[in-house]
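Asker: what follows is a predicted protein model with its sequence.
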Amino acid sequence: MKGLRWFLPLIILGLGYLGYTAIAATKSAPQENAASPPPPIVETRVVHPTQHQVVLRAHGEVIPVETTQLSAQVSGEVVAWHPNFVAGGIVKRGDVLFSIEPENYQAAVLNAEADLASAKAALIEEQAQAAVAKRQAKSLPSSQVTDLYLRKPQVLSAKARVKSAQAALKRAQRDLDNCQVTAPYDALVVSRDVGVGQYINAGSPVGVLNSIEAAEVHLPIAGFDTLFLPTPLAGIEVQLTRNGSEPAQRQARLVRDLGIVEQSTRMMRVVVRLDDPYGIQSAKPALPFGSYIEATFKGATLENVFKLPQSLINNRQVWVVNQAGKLTPRTLRVVRTEGQYIYADQGLSDDDQVVTTLPEFPEPGMTVRVASQVSPEGEHE
């Protein structure tokens, strides 16, 4: 029995080995010729260099080209004012906005006319006496004939009095004309500070007018956009758009830039001129002063650039499938971004195949198949 206990473990180990050998012998051999997974399929788009017209956008407020602080040039009592000379009223160039009592100034004109007539009469008299003196001087020695004898100083004084009287008449007539204060241009009345029966002094402010013959919009242009401003600037057409409950569009034009860069924002400003902003002279929609609008205009033209959706760009890099069917990363030099697209002038070549749907883990040199080159039958093989 003792001998059997010594040999029992050996017998068990031997049986285990025999069982393992039998199992290993019956295990199927690995398939040496198992097919490797096919390369991933990607979609691409062929790119070509193109020309692109830059479109610049900015926002600004419609403001008047000219604002006038209206005042009277003569003193007197206000006797009438134009019915449109009220805040918000529209007046035409030359309309009489208000009138000042003219009687005193009419009397001044009459006095000036009388003084002028008297001065002219005195001149005629002096010229007649000078003519008599000239005839008499012919019989006198030349040593006795002086300018005073010929009455030349008297004639000059009489002429001076005539000119002075003429000037006084012009001033009196001007004061009379200024009794009627007229609009210097087609205008929107901002405020009126005068009423019938009120006595005003010369120079007293009586109202504020904004010209509606033209308006301006000062557009801020960011530093990265200034490179694409058109040259020359003046005359470029601009489309103005007012959004909101009552949208409106108008055509305007660039006229100049303000010539400075703002210290706080580092922006420059260009000026757009809009004629007839209130549509008085035409049926065009009004863009009142204070309207906040979007301005769109054409900038510089980019030559030989590649247009790509921003969604394809990651850290200024795209993937390209080369002629060997392998992925290659390309770093772009982006010169312009507009909306959902970027424009690059370096990093790509004509007819490059830019990948639009990448594999899950793309790597440089990875072999891929282009979807447009894979047949439906080949996809299922």
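Answerer: Okay, I see it. Quick caveat: nothing in here was measured; it's all calculated off a predicted structure.
Asker: skipping adjacent residues, who's closest to T301 in space?
Answerer: Computed as C-beta to C-beta, 6 or more residues apart in numbering, the closest residue to T301 that is not its neighbour in sequence is Q53, at 5.5 Å. From N, CA and C alone the C-beta is placed, and that goes for glycine too.
Asker: roughly how far does that neighbour sit from P232?
Answerer: Here the criterion is C-beta to C-beta, to the nearest Å. By it, Q53 lies 17 Å from P232.
Asker: quick one on the thing from earlier: report how many residues lie close to the residue nearest to T301.
Answerer: Using other C-beta atoms under 10 Å, Q53 has 9 neighbouring residues.
Asker: show the pLDDT at it.
Answerer: Looking at Q53, its pLDDT stands at 94.
Asker: just to be sure, it is in a strand?
Answerer: Yes: counting by DSSP: H, G, I helix; E, B strand; the rest coil, Q53 is located in a strand.
Asker: residue contacts, it?
Answerer: Contact partners of Q53, counting by C-beta atoms under 8 Å, 6 or more residues apart in numbering, are 298-299, 301-302.
Asker: now swap in T328 and tell me
Answerer: Counted by C-beta under 8 Å, 6+ apart, T328 has contacts 319-322, 364-365.
Asker: and those, which is closest to S143?
Answerer: Nearest to S143 out of the contacts of T328 is V320 (C-beta to C-beta; 113.4 Å).
Asker: how close does the closest one get to L358?
Answerer: Applying C-beta to C-beta to V320 and L358 gives a distance of 11 Å.
Asker: can you check V86 too?
Answerer: Applying C-beta to C-beta, the value for V86 to L358 is 68 Å.
Asker: could you list the low-pLDDT ranges of the stretch 1-150 of the chain?
Answerer: Scanning the stretch 1-150 of the chain for pLDDT under 70 picks out the ranges 1-35.
Asker: where do the strands sit along it?
Answerer: 41-46, 50-64, 67-71, 76-81, 90-91, 96-100 (DSSP state E, counting those that start in this stretch).
Asker: and of those, who's closest to P285?
Answerer: Of all the strands of the stretch 1-150 of the chain, strand 50-64 sits nearest to P285, with 12.3 Å by C-beta to C-beta.
Asker: buried set for the closest one?
Answerer: Buried residues in strand 50-64, counted by 16 or more other C-beta atoms under 10 Å: 52, 54, 56, 58, 60, 62, 64.
Asker: returning to that earlier point: okay, the strands of the stretch 1-150 of the chain in TSV with distance to V196 next?
Answerer: Listed next are the strands of the stretch 1-150 of the chain as TSV, based on distance: least, C-beta to C-beta, whole Å:
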stretch	distance to V196
strand 41-46	76
strand 50-64	28
strand 67-71	17
strand 76-81	6
strand 90-91	17
strand 96-100	8
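Asker: related to what we said a few turns ago, so how far is I200 from the residue nearest to T301?
Answerer: 57 Å.
Asker: residues in contact with stretch 271-290?
Answerer: Identification of contacts with stretch 271-290 by C-beta under 8 Å, 6+ apart yields 60-65, 90, 186, 188, 210, 212-219, 238, 240, 242, 248-250, 252-258, 293, 295.
Asker: out of these, which are inside strands?
Answerer: 60-64, 90, 188, 210, 214-219, 238, 240, 242, 248-250, 252-258, 293, 295 (DSSP state E).
Asker: list only buried entries from those.
Answerer: Here, 16+ other C-beta under 10 Å leaves 60, 62, 64, 188, 210, 214-217, 219, 238, 240, 242, 248, 250, 252, 254-255, 257, 293, 295 buried among the ones in strands among the contacts of stretch 271-290.
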